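Chemist: generate coordinates for the sequence data below:
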Amino acid sequence: MTSTPLQDSTPTAVPAPPVAKKIPTERTHHGETFVDNYEWLRDKESPEVVAHLRAENEYQEAVTAQQEPLREAIFQEIKGRTQETDLSVPHRKDGWWYFSRSAEGKEYGIHCRVKAQDTGDKVADWTPPAVEAGVGIPGEEVLLDGNVEAEGKPFFSVGGTAVTIDGHLYAYAVDNSGDERFILRIKDLRTGALLPDVIENIFYGVSFSPDGTRLFYTVVDESWRPYQVKSHVLGTSVADDTVVYQEDDPAMWLGFELSADRRYLVLGIGCSEYSETRLLRFEDPTATVSTVISREERVLYEAEPFLLDGEEKILLTHNRGAINSMVSLADPAELHKPLAEQAWQTVVEHSDDVRVNGAGVTSTHLIVSIRKDTIERVQVMGLAGLGTAAQQAPVEPAFDEELYTAGVGGSDYDAPVIRLGYTSYFTPSRIYDFVLPTPEQPAGELLLRKESPVLGGYDGSDYVAAREWATAGDGTRIPLSVLRHKSVRRDATAAGLVYGYGSYEMSMDPGFGIARLSLLDRGVVFVIAHIRGGGELGRHWYEDGKKLTKKNTFTDFIDATDWLAHSGWVDPARIAALGGSAGGLLMGAVANMAPEKYAAIVAQVPFVDPLTSILDPDLPLSALEWEEWGNPITDPQAYAYMKSYSPYENVREVAYPRIAAVTSFNDTRVLYVEPAKWVQELRNKTTGSEPIVMKIEMDGGHGGASGRYVQWRERAWDYAFIADSLGATELLPGAGLKQD
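Modeler: Residues are numbered from 1 along each chain as shown. Predicted coordinates:
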């Protein structure tokens, strides 16, 4: 197909794009030398680099200036549909209900709590208090006001909070630059005073010990990999903090949590292919960290220690002989034997059709997260008889939509309920409490606590979500979610947008998005392509789109585009593509492979120079990527395969569509230098006349800027670029904001 030129919406007086000077740098691996002319742009301390990036912003502002009214319209639509003064559903932890408020005109949330009651009626005691937006309640305490904390700062993000069981101390970690390194402070909630203990340069994850005397946190190494879990004794020097565990393998990620019953510190070490869990028992002051299953066994698993009828057990969610994972129960004594000799009891058997994502416990029930027919679901069963012939049948909360997402939003070990989050493409986020099954109520009970309000006259029946299937070149069926306004006619004239990710076994699950309505209201048919490399159809779906099968991810996306082009819904000349991070790599790959199929491409924080990054293990997170892409340092085949699809190294002399690379100066996951280099090379090689721009947020991180209004404007920028490129700038008759 040849692309039909759109109306030229670029201004006539647009300046020439910035041209970075060429300073050849040679990179030699496996007998092959690549000359990189723009590697010098990596030096973010260089005034010349900063000046170049600012020039890129000035250029994109000039090129897209005429889109400003559309951006403002989309921003106002997002704002007009959002209840700005709102609050979360309170969740109970120990003796308090915790929740957050948002207020109109305020960028950040306000974290609050109010005392809980214990009357002896457990379901009543775990029924959240009635709180109103904008209305304080007696006894309400403000724990942290993000707007106060962010004052005078270029960026604000909270990376973790924790409260002692007695409710006296509150720890919170704050990032003011967007680089995901946090400063931790501790507040005495009885007085409001900050403790002198201040811990700098920590990563996500903060927990108090059950007795409230110690604080656990994670530290990253120079390549931004979490590698240490440390313990801080309150009131002592941070310099004396002890290392609970250090992970020296650069390809392994480290994290921690407390077991559900808070008897253990659970250390999780792993990559995408195998893992290791280590346990530290709090009750024994002489205890050392013990290993559940050694990584040498190459089992991918999670372990949860708990008491079953007073006996110590380990709940294992694992892939031992089960590619889609299963759930087993093990006696700790078994774990001292060689793995082949260990006897485990099956709790959830393996299925080729069901992916087991995880399992946990309360004091009375097992909770299992599964994925079946692409949909994430939750199942529960009583602990009585677990792992035996007397095991109870699973109970699954029932919902009435075909395409939805239901996940555990939180649970407390002693609670009679679990918190569930629910959403679909056109059902705003709902919070349910599911009352766990009892002999008197064997099906449990689903209690709706809140549906997020959507203003502006929103009516979900104005839109349609359908499951369709594209066929890949090898015959594989690719699930698609096709979203549209109901008034769009199937006459091959509409505009279309294809979105994809396809990496790390992450699934693009059904979810409501206010911003997306602005595209649907302009007649854009929005297709989410559930391509290989994601997790929608189980572990095989992931493994068929990683390492030496990674190109399936790209060709699946192109096949999804072809489905849309021939579906009868859209004009094939009016299709755009959108993806971010690893989905930005996808954008770069399809731009090289099939540029003629797209009128525009938006690549958000795009991983478009993957080979350069992964060849340098000192760069942030590079070694952790070897299990996803292969290790091109040691493996010539992995090197050659990555080189064959790396977007930056495969730009060619073709007519590229209009392209926007959107990035952040302080992103530590995908460095700004990747899109900066890619954009230069695209401009060098394109034989077309469409503009190629880079928009860089100078104060943001991997998720962009931090305030909600700024984030809304960023999304409006992306969507306006797409809508303008597709000639889909006008609202459909009767669509758009309405009076409530």
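
Chemist: quick one: Glu56 from Ala20, how far?
Modeler: 9 Å (Cβ to Cβ, to the nearest Å). The way it works is simple: take the backbone N, C-alpha and C, and place the C-beta from them, glycine included.

Chemist: any residues in contact with both of these two?
Modeler: Taking Cβ atoms under 8 Å, 6 or more residues apart in numbering as the contact rule, Glu56 and Ala20 both touch Ala676.

Chemist: low-confidence ranges in the stretch 301-450 of the chain?
Modeler: By pLDDT under 70, the stretch 301-450 of the chain contains no weakly predicted segment.

Chemist: checking Asp718 next. Helix, strand or coil?
Modeler: helix (DSSP: H, G, I helix; E, B strand; the rest coil).

Chemist: just to be sure, Ile269 is in a strand?
Modeler: Yes. Per three-state DSSP, Ile269 lies within a strand segment.

Chemist: how many neighbours does it have?
Modeler: Using other Cβ atoms under 10 Å, Ile269 has 22 neighbouring residues.

Chemist: what sits against it?
Modeler: Residues in contact with Ile269 (Cβ under 8 Å, 6+ apart) are 247, 252-254, 275-278, 295.

Chemist: 10 Å - rerun?
Modeler: 226-227, 229, 245, 247, 249, 252-256, 275-278, 291, 295 (Cβ atoms under 10 Å, 6 or more residues apart in numbering).

Chemist: and those residues, which of them are in strands?
Modeler: The strands, defined by DSSP state E, take in 226-227, 229, 245, 253-256, 275-278, 291 from these.

Chemist: redo those as a markdown table? Include pLDDT, distance to Gly475 and neighbour count.
Modeler: Converted to a markdown table, the ones in strands among the contacts of Ile269 look like this (pLDDT from 0 to 100; distance: Cβ to Cβ, whole Å; neighbours: other Cβ atoms under 10 Å):
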| residue | pLDDT | distance to Gly475 | neighbour count |
| --- | --- | --- | --- |
| Pro226 | 93 | 41 | 22 |
| Tyr227 | 95 | 43 | 23 |
| Val229 | 97 | 46 | 28 |
| Tyr245 | 96 | 47 | 17 |
| Trp253 | 92 | 35 | 19 |
| Leu254 | 96 | 41 | 24 |
| Gly255 | 96 | 39 | 16 |
| Phe256 | 97 | 44 | 21 |
| Ser275 | 97 | 33 | 22 |
| Glu276 | 98 | 38 | 22 |
| Thr277 | 98 | 39 | 21 |
| Arg278 | 97 | 44 | 22 |
| Thr291 | 96 | 43 | 15 |
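
Chemist: now, which of these sits nearest Gly178?
Modeler: Distance ranking of the ones in strands among the contacts of Ile269 against Gly178, using Cβ to Cβ, places Pro226 first at 17.7 Å.

Chemist: now tell me which helix or strand of this protein has the poorest mean pLDDT.
Modeler: Using mean pLDDT, DSSP states H and E, strand 86-87 stands out as the lowest-scoring helix or strand of the chain, at a mean of 78.

Chemist: name the helices or strands packed onto it?
Modeler: Strand 86-87 is packed against strand 96-102, with contacts defined by 3 or more Cβ pairs under 10 Å, 6 or more residues apart in numbering; DSSP states H and E.

Chemist: tell me the helices and strands packed up against the strand it packs on.
Modeler: strand 86-87, strand 91-93, strand 110-115, strand 141-145, helix 146-150, strand 157-163.

Chemist: to Ala390, which of those lies closest?
Modeler: Closest to Ala390 of the helices and strands packed on strand 96-102 is strand 91-93 (Cβ to Cβ; 31.5 Å).

Chemist: against which helices or strands is that closest one packed?
Modeler: Short answer (3+ Cβ pairs under 10 Å, 6+ apart): strand 91-93 packs on strand 96-102, strand 404-411, strand 417-424.

Chemist: what angle sits between the last one and strand 404-411?
Modeler: When axes from the mean of the first three to the mean of the last three Cα atoms, to 10 degrees is applied, the directions of strand 417-424 and strand 404-411 differ by 150 degrees.

Chemist: strand 417-424: how far from the chain's middle?
Modeler: When distances are taken as Cα atoms, centre = their mean, to the nearest Å, strand 417-424 is centred 18 Å away from the chain's centroid.

Chemist: mind naming the longest strand for the chain?
Modeler: Longest strand in the chain, counting residues (DSSP E): strand 570-580.

Chemist: neighbouring strands of it in the sheet, and parallel or not?
Modeler: Strand pairing for strand 570-580, using DSSP bridges, gives strand 494-499 (parallel), strand 600-604 (parallel).

Chemist: can you mark which positions in the longest one are buried?
Modeler: Just to be clear, that refers to strand 494-499. Across strand 494-499, burial judged by 16 or more other Cβ atoms under 10 Å covers 494-499.

Chemist: low-confidence stretches in the protein?
Modeler: Scanning the chain for pLDDT under 70 picks out 1-13, 85, 619-623, 667-669, 699-707, 740.

Chemist: if we can go back for a sec, please convert the helices and strands packed on strand 96-102 to CSV, extending it with distance to Asp618 and mean neighbour count.
Modeler: Formatted as CSV, the helices and strands packed on strand 96-102 follow (distance: least, Cβ to Cβ, whole Å; neighbours: other Cβ atoms under 10 Å):
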stretch, distance to Asp618, mean neighbour count
strand 86-87, 43, 18
strand 91-93, 40, 19
strand 110-115, 37, 19
strand 141-145, 35, 16
helix 146-150, 32, 17
strand 157-163, 23, 19
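
Chemist: reformat the ones you listed as JSON lines; add distance to Val602.
Modeler: Below are the helices and strands packed on strand 96-102 laid out as JSON lines (distance: least, Cβ to Cβ, whole Å):
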{"stretch": "strand 86-87", "distance to Val602": "29"}
{"stretch": "strand 91-93", "distance to Val602": "36"}
{"stretch": "strand 110-115", "distance to Val602": "33"}
{"stretch": "strand 141-145", "distance to Val602": "34"}
{"stretch": "helix 146-150", "distance to Val602": "28"}
{"stretch": "strand 157-163", "distance to Val602": "24"}
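
Chemist: strands of the stretch 301-450 of the chain, start to end?
Modeler: Along the stretch 301-450 of the chain, counting by DSSP state E, counting those that start in this stretch, strands occupy 301-308, 311-318, 326-330, 345-348, 354-361, 365-372, 375-382, 404-411, 417-424, 430-435, 445-451.

Chemist: just to revisit the earlier point, who does the least confident helix or strand of the chain pair up with?
Modeler: Sheet pairing for strand 86-87, assigned by DSSP bridges, gives strand 96-102 (antiparallel).

Chemist: relative to strand 110-115, how tilted is the partner strand?
Modeler: 150 degrees.

Chemist: can you tell me which of the helices and strands packed on strand 91-93 is packed in deepest?
Modeler: Each of those was scored by mean neighbour count; the highest is strand 417-424, a mean of 22, by mean count of other Cβ atoms under 10 Å.

Chemist: my guess is Pro210 meets Phe282, correct?
Modeler: Yes. Using Cβ atoms under 10 Å, Pro210 is in contact with Phe282, at 5.6 Å.

Chemist: quick one: Tyr641 is in a helix?
Modeler: Yes. Checked against three-state DSSP, Tyr641 lies within a helix.

Chemist: pull the contacting residues for it.
Modeler: Residues near Tyr641 by Cβ under 10 Å, 6+ apart: 547-551, 611, 629-630, 632, 635.

Chemist: fine by me, we can end here.
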